[in-house]
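> Sequence first, predicted coordinates after that:
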Amino acid sequence: MDDRIIKTEYSEVMQKSFIDYAMSVIISRALPDVRDGLKPVQRRVLYDMHELGIRSDRPFRKSARIVGDTMGKYHPHGDSSIYEALVVLAQDFKKGQVLIDGHGNFGNIEGDGAAAMRYTEARLHRISQEAFLADLDKDVVDFVPNFDETEKEPSVLPCKFPNLLVNGSDGIAVGMATSIPPHNLGEVINAVKAYMLDENISTKELMRYLPGPDFPTGGIVTNKDELLSIYETGTGKIKVRGKVEKEKGKGGRINVVITEIPYPMIGANIGKFLSDVAALAESRKTNDIVDISNQSSKEGIRIVIELKKDADADNFINMLYKKTRLEDTFGVNMLAIADGRPETMGLKQIIKANVDFQFEVNRRKYETLLEREQARREIQEGLIKACNVIDLIIEILRGSRDRTMAKACLVDGVTDGIKFKSKESAVMAGYLRFTENQANAILDMRLYKLIGLEIEALINEHEETLANIYRYEDILERRSSMAQVILNELDALKKEFAKKRKTVIDNCEEAVFEEKKAEETDLYCLIDRFGYCKTVDTATFERNRETALLENRFVFLCRNTGRICLFSDAGQLYTVKVSDLPLGKFRDKGIPLDNVSNFDSTKEQLLLAVSQSDLNLYRLIFVTGQAMAKVVDGGEFDVTKKAVAATKLTEGDRLVSVAVYREQKNIILQSKDGYFLRFAISEIPEKKKAAVGVRAMKLAEGDGIEAVYFTKNTDDTAIPYKTRTLVLNQIKPAKRDTKGTKIRG
């Protein structure tokens, strides 16, 4: 048993296993091959449809059949990933050139998913047959065993154009990701032809033919001058804008109409864009919007924003570019598998890899065709020769006992056992020297082949075969001849499948949005005990003053152009722009503080909410659970960051109270064990916000501050405590850092 146990370092096993896993994801799942631009799952779907005969001129077949067959034969990784790959290959709003014809609900540009695979149908697009699968029977690529070695699959499809550029790709592997934009098929072919005619061509010269990406959604690329660097290095950022038009609306109003969207906005981001535009109106960033409607259909995108009569439409459009995803960024990282390893490549490298692949594919193709034509020539020459001595051959066949005897005579001139009509025939038969294949063809030949027209057709066919052999040998021997073949195929594909460019490429000035300064007004901020926050105007507050003070935990006056400050028991300060809070009616619910700030109500409690402008006028009193206290000048909290540390806490400590120091004279600390300590606030020293503070009360082990109260000297403030009512100013005054008085219920 000990002989079977292999002892090794755990770290080595983990390292090897992780590397194996990472390479499997990188090579076999997430990244495309530079030669055909396909990921393994996409390649397997196309090949399986080819094997099933689901071609463009045949009826559609259920997607579930395709997915099941692909999973069972080639891709054992779950049906959802296979169906998703099939769907994407059929979506014309994601791919520059669809490779699959979809029938049924294959999703839409607004993010609605495809119907279940049992409802949809698919078949190969014609370009897939002609440019990806047409020559698989000519030994143009290597076939490898599938996962269980019961089938063979192509290691790569013999794609005739750089599909990696035409359809782009995106995928996340382990420690790396690819993001390649789609391009125009006609322009890509032009760039390939330019490279083939001059392999020393520069990337800049290539971009005369392929100026940049061509997104299926159209739009405008705004950083034309940066594209050269992106295509040379294979990485960078492409800025894309949606296309916006102005139309006349009802009553002299102006409608801003979005007819094309940035490529990254495909899917749920259209809904987010509509929400963002609505939020601009709700947050009073703009008062120009009258109505928003999404009128998009199968004919294309149409989002209509109706503006007020006197609105500045150009300024509003610039605001959309600045404040929403109508202008977005497409991150480019042209990473693909080249020579079995991941590599980031520029435009010229990708085209070179594809052209080299085309020469290799065509070499193998014409070697196979040449072999077939040479075999056909051998047969044809044998049949022509046989027709010239057909009487002798018939005599041999009639005089032979079996096929073996006749074949031996035809191949080696063996006449033993064959009955001839004359000695001359026997002598002539002895000189026959047909090849093995020719002899089989003669023996299998039907009598109608002896008709004069058939013999003439055979001679013509032989001449055609000789011409093909000459042509194939020329293609294989001369690189220029093979290059011309490739160029002709590219021209045919361009003529058949190329479309007009959709995306405009230009250098656009950065959108400048002049935000109108809001008129400064006073508002009341209301925060209830559930953490919902809203603002109301002063008139509304005054009408509902009593109810507002009764129903809300924090009520304070603020400016619409200012900020509010939130202090939590975790010692954090969060700031929120008042303009980010909804201004509404008194009975409106408001918005959770979590949604407009970094405050997390699931992990911390809100202790104080106050207008930031008030902090500049007052000081704050901090008290922690471990009885550390300090006074801090409110001016230290005049910050614009969304979250900063409001105080320093020792390990395990949390704030119990943060209060604005106005006219209070006394502070009363209540501990968990029932001790109360009353002393003058003036005994607490003023510290910086980064200080811990001083000890305000001596606590027994396990005890802590539970509550903090403030009073004036003349107050009769009382609190309920256990079974009695406790008047705070009747507690015996003491000094800071003493134990306090035990109060019994």
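Noted; the coordinates are in hand. Nothing here was measured: the structure is a model prediction, and the numbers come from that model.
> for the stretch 251-400 of the chain, which spans come out with low pLDDT?
Per-residue confidence of the stretch 251-400 of the chain (counting by pLDDT under 70) places the weak regions at 283.
> That one: strands as residue ranges?
Secondary structure of the stretch 251-400 of the chain by DSSP state E, counting those that start in this stretch: the strands cover 254-260, 289-294, 303-307, 327-333, 335-338, 341-344.
> what's the fourth one packed up against?
Taking 3 or more C-beta pairs under 8 Å, 6 or more residues apart in numbering; DSSP states H and E as the contact definition, the neighbouring helices and strands of strand 327-333 are strand 177-180, strand 235-241. Bear in mind the C-beta positions are built from the backbone N, C-alpha and C, glycine included.
> and Ala707, how far is that from Asp356?
79 Å (C-beta to C-beta, to the nearest Å).
> picking up where we left off before, between the strands of the stretch 251-400 of the chain, which one is nearest to Arg553?
Set against Arg553 and scored by C-beta to C-beta, those come closest in strand 289-294, at 33.4 Å.
> Buried ones in that closest one, by neighbour count?
Of the residues in strand 289-294, those with enough neighbours to count as buried (16 or more other C-beta atoms under 10 Å) are Ile289, Val290, Ile292.
> contact partners of it?
Judged by C-beta atoms under 8 Å, 6 or more residues apart in numbering, the contacts made with strand 289-294 from elsewhere in the structure are 110, 253, 270, 274, 277-278, 280-281, 302-308.
> now, which of these sits nearest Thr535?
Of all the contacts of strand 289-294, Thr535 sits closest to Ala281, with 16.0 Å by C-beta to C-beta.
> low-scoring stretches of this protein, by residue?
Per-residue confidence for the chain (pLDDT under 70) gives these ranges: 1-3, 16-29, 283, 447-453, 511-518, 745.
> at 50 instead, please
Per-residue confidence for the chain (pLDDT under 50) gives these ranges: 1.
> Show me how it divides into domains.
Each structural domain of the chain that the record assigns through automatic domain parsing is listed here as a residue range: 31-159, 243-325, 353-496, 522-742.
> Of all those, which one is nearest Ile337?
Ranking the domains of the chain by proximity to Ile337 (C-beta to C-beta) places domain 31-159 first, at 4.8 Å.
> and the end-to-end length of that closest one?
From its first residue to its last, domain 31-159 covers 17 Å (C-alpha to C-alpha, to the nearest Å).
> re earlier: can you say which of the domains of the chain is nearest to Gly168?
domain 31-159 (6.8 Å).
> beta partners of the nearest residue to Leu335 once chain neighbours are set aside?
Excluding its sequence neighbours, the residue lying closest to Leu335 (C-beta to C-beta, 6 or more residues apart in numbering) is Thr178, at 4.1 Å. With DSSP bridges as the criterion, the beta-bridge partners of Thr178 are Gly171.
> what ranges do the strands span in the stretch 51-200 of the chain?
Remark: strands of the stretch 51-200 of the chain, listed N- to C-terminal, are 61-62, 100-103, 121-124, 143-145, 152-154, 169-172, 177-180; assignment by DSSP E, counting those that start in this stretch.
> Can I get those strands in a markdown table including mean neighbour count and distance to Glu187?
Shown next, in a markdown table, are these (neighbours: other C-beta atoms under 10 Å; distance: least, C-beta to C-beta, whole Å):
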| stretch | mean neighbour count | distance to Glu187 |
| --- | --- | --- |
| strand 61-62 | 17 | 34 |
| strand 100-103 | 20 | 23 |
| strand 121-124 | 24 | 24 |
| strand 143-145 | 11 | 33 |
| strand 152-154 | 17 | 28 |
| strand 169-172 | 17 | 18 |
| strand 177-180 | 20 | 15 |
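> Looking at the ones you listed, which is nearest to Met49?
Closest approach to Met49 among the strands of the stretch 51-200 of the chain (C-beta to C-beta): strand 121-124, 5.2 Å.
> For the residue nearest the centre of the chain, give its distance to Ser229.
If you average the C-alpha coordinates of the chain and look for the closest C-alpha using C-alpha atoms, centre = their mean, you land on Asp170, 5.8 Å from that point. Taking C-beta to C-beta as the measure, Asp170 and Ser229 are separated by 21 Å.
> same question, Arg364
In terms of C-beta to C-beta, Arg364 sits 37 Å off from Ser229.
> Ok, which of the helices and strands packed on strand 327-333 comes nearest Arg545?
Between Arg545 and the helices and strands packed on strand 327-333, the shortest separation by C-beta to C-beta is 49.1 Å, and it involves strand 235-241.
> Can you say which of the domains of the chain is packed in most?
domain 31-159 (a mean of 19; mean count of other C-beta atoms under 10 Å).
> returning to what we had before: kindly state which of the strands of the stretch 251-400 of the chain is positioned closest to Asp444.
With distances scored as C-beta to C-beta, the stretch of those nearest to Asp444 is strand 335-338 (47.6 Å).
> State the distance from the nearest residue to Leu397 once chain neighbours are set aside to Lys423.
With sequence-adjacent residues excluded and distances taken as C-beta to C-beta, 6+ apart, Leu397 is closest to Ala406, at 5.5 Å. Counting by C-beta to C-beta, the gap from Ala406 to Lys423 is 19 Å.
> Identify whichever of the helices and strands packed on strand 327-333 lies nearest to Ala467.
Per C-beta to C-beta, nearest to Ala467 of these: strand 177-180, 42.7 Å.
> Can you tell me which helices and strands the closest one packs against?
Applying 3+ C-beta pairs under 8 Å, 6+ apart, we find strand 177-180 packed against strand 169-172, strand 327-333, strand 335-338.
> okay, the second one in CSV with CA atoms only?
Listed in CSV are the C-alpha atoms of strand 327-333, where the atom choice follows Å, rounded to 0.1, in the frame of the first residue of the first chain:
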residue,chain,number,x,y,z
GLU,A,327,-21.2,59.0,-23.9
ASP,A,328,-19.4,55.9,-22.7
THR,A,329,-16.0,54.2,-22.9
PHE,A,330,-15.2,50.9,-24.6
GLY,A,331,-12.1,49.4,-23.1
VAL,A,332,-9.9,47.7,-25.7
ASN,A,333,-7.7,44.7,-24.9
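> what's next to that strand, contact-wise?
Residues outside strand 327-333 that contact it (C-beta under 8 Å, 6+ apart): 177-181, 213, 222, 230, 234-242, 262-265, 320-321, 344, 511.
> dump the residue contacts of Gln374.
Ile469.
> Mind jotting down where the strands sit in the stretch 401-550 of the chain?
Remark: strands of the stretch 401-550 of the chain, listed N- to C-terminal, are 504-505, 522-528, 532-537; assignment by DSSP E, counting those that start in this stretch.
> on that earlier part again, roughly how far apart are the residue nearest to the centre of the chain and Pro32?
Here Asp170 is placed at a distance of 9 Å from Pro32 (C-beta to C-beta).
> do Ile684 as well
Ile684 sits 67 Å away from Pro32, taking C-beta to C-beta as the criterion.
> for Asn269, same thing?
To Pro32, Asn269 is 24 Å away according to C-beta to C-beta.
> likewise Gly251?
Computed with C-beta to C-beta, the distance linking Gly251 and Pro32 is 53 Å.
> Give me whichever of the helices and strands packed on strand 177-180 is most buried.
strand 335-338 (a mean of 22).
> How far off centre is it?
Its chain's average C-alpha position is 17 Å from that of strand 335-338, according to C-alpha atoms, centre = their mean, to the nearest Å.
> what's next to that strand, contact-wise?
26-27, 31-34, 37, 164, 169, 176-178, 180, 234, 342-345, 349-350, 353.
> Stretch 397-408 too?
Here stretch 397-408 makes contact (C-beta under 8 Å, 6+ apart) with Ile396, Cys409, Val414, Gly417, Ile418, Lys419, Phe420, Ala439, Asn440, Leu443.
> Tell me the spacing between the last one and Ile390.
Using C-beta to C-beta, Leu443 is found at 13 Å from Ile390.
> if we can go back for a sec, output the domains of the chain in a markdown table, with distance to Ala194 appended to each entry.
As requested, the domains of the chain are exported to a markdown table (distance: least, C-beta to C-beta, whole Å):
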| stretch | distance to Ala194 |
| --- | --- |
| domain 31-159 | 19 |
| domain 243-325 | 26 |
| domain 353-496 | 11 |
| domain 522-742 | 52 |
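> Thanks a lot, see you next time.
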